[in-house]
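>>> sequence unknown, structure follows:
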């Protein structure tokens, strides 16, 4: 898979800090923007975020391209409603199925026998799809043969507040492996752009210090180690 931050709100932390200051300053943001320094922005944001006033960080948005991910992942992704999505169409884009590159193999197929069995079944599915196209069925109907493993590309835009919520759910070890991998990579990239906003981003336990859903088995989920991992990211 490939995860790339395509674009984002310029100077996101200064903008969000200006927005926050609007609520307790007499002058409007346009009259104060030249005085907003990165250091001042950090001070304001750390304070308002610690108070739980997260609405101000909605003014910053981030756009990602997720490429070579499965349809199983995108079905989960679009459940996050406060976001914008544009996905590769299976109506207009015919899936090339003449090699093993058109689908995602889950990591649990972790030995040669399991992987070969999976690939063999994908070839059978591919033959049904290609047969339907050759028989004149439109792509939008031939695609009904295609599985959740089929690779796709999607562009997603989220504001910073929704990203924090997304990371809480999808960076957690309870999340499905593929969307967790994507979420962690997205977090690494936005942290470079807005380190204060995403200072304590990650699964819920990073900010809370405990798991609101109840800890998994100690060997599977060590909160101390998880916090260290995400805070040092």
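Sure thing, it's come through. What you see is a predicted model; the values in this text were computed from it and never measured.
>>> how near is residue 157 to residue 117?
Separation of residue 157 from residue 117 (C-beta to C-beta, to the nearest Å): 39 Å. Yep, even glycine has a C-beta here, placed from its N, CA and C like the rest.
>>> Those two: which has the busier surroundings?
residue 157 (16 against 11; other C-beta atoms under 10 Å).
>>> How about residues contacting whichever strand or helix holds the more buried one?
Element membership for residue 157 (DSSP states H and E) is strand 151-159. Residues outside strand 151-159 that contact it (C-beta atoms under 8 Å, 6 or more residues apart in numbering) are 6, 57-71, 74, 77, 80, 82-88, 90, 101-104, 166.
>>> Figure out how far it is from the centre of its chain.
8 Å (C-alpha atoms, centre = their mean, to the nearest Å).
>>> On the pLDDT front, check residue 35 for me.
The score at residue 35 is 86. That number is its pLDDT.
>>> What count of nearby residues applies to it?
There are 10 residues near residue 35, going by other C-beta under 10 Å.
>>> show me the contacts for the closest residue in space to residue 69 that isn't next to it in sequence.
Sequence neighbours aside, residue 1 is the residue nearest to residue 69 in space, at 5.1 Å (criterion: C-beta to C-beta, 6 or more residues apart in numbering). Contact partners of residue 1, counting by C-beta under 8 Å, 6+ apart, are 66-69, 104, 178, 181-182.
>>> now for the helix or strand of the chain with the lowest mean pLDDT, which elements pack on it?
Ranked by mean pLDDT, DSSP states H and E, the helix or strand of the chain with the weakest confidence is helix 29-32, at a mean of 78. When contacts are defined as 3 or more C-beta pairs under 8 Å, 6 or more residues apart in numbering; DSSP states H and E, helix 29-32 packs onto helix 12-22.
>>> Show me the contact partners of the helix it packs on.
Under C-beta under 8 Å, 6+ apart, the answer for helix 12-22 is 9, 28-29, 32-33, 36-38, 40-42, 44-45, 48, 53, 56-57, 59-60, 160, 193-194, 196-197.
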